[in-house]
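> just a sequence and a predicted model for now, questions to come.
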Amino acid sequence: MTRATLLRDCLGRYAGFSVKGHAGYAQEGSDIVCAGISVLTTTCVNALEAVAGIAPLVTGGEDGFLEARLPQSITDAQMHDAQVLLGALHQGLSDLADGYGKYIRLAEKII
């Protein structure tokens with residue numbers, strides 16, 4: 001199962017996300033749930049960079065681990081764009097969890 005966590009700051013704004021684990025829906029290379037999660041999270045990181053001009057703090061590793069956090073110093077306009085992009089990620093992960101709840105768990109955490 002993949003555990004996806006949306007990170008929020010003390011004001012309730014999105015501050016980043018973390019995903020870990022393989023969904024286990026199908027064999028590696030054929031797992032549509034893992035593929036969906038990968039597309040959503042990779043697109044979010046790339047859009048934060050290319051669209052919002054933000055260099056997120058990204059950490060990756062084994063077992064499907066990926067974490068991205070917004071840096072401390074970003075402009076109000078960048079924060080707005082980040083909220084839209086991370087909100088879209090939230091919607092996509094939520095849709096996956098609704099359809100494939102046995103394979104992905106979505107949570108939120110205040111950091």
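Received, thanks.

> for residue 72, list the residues it contacts.
If a contact means C-beta atoms under 8 Å, 6 or more residues apart in numbering, then residue 72 has no contacts. (C-beta placed from N, C-alpha, C; glycine too.)

> swap that for residue 59, please
Shown in contact with residue 59 (C-beta under 8 Å, 6+ apart): 65-68.

> what are the phi and psi values for the residue of the chain most remote from its centre?
Residue farthest from the centre of the chain, counting by C-alpha atoms, centre = their mean, is residue 27 at 22.4 Å. With angles defined as degrees, to the nearest 10, residue 27 sits at phi -60, psi 150.

> that one and residue 63, how far apart?
Residue 27 is 16 Å from residue 63, where distance means C-beta to C-beta, to the nearest Å.

> also residue 32?
To residue 63, residue 32 is 19 Å away according to C-beta to C-beta.
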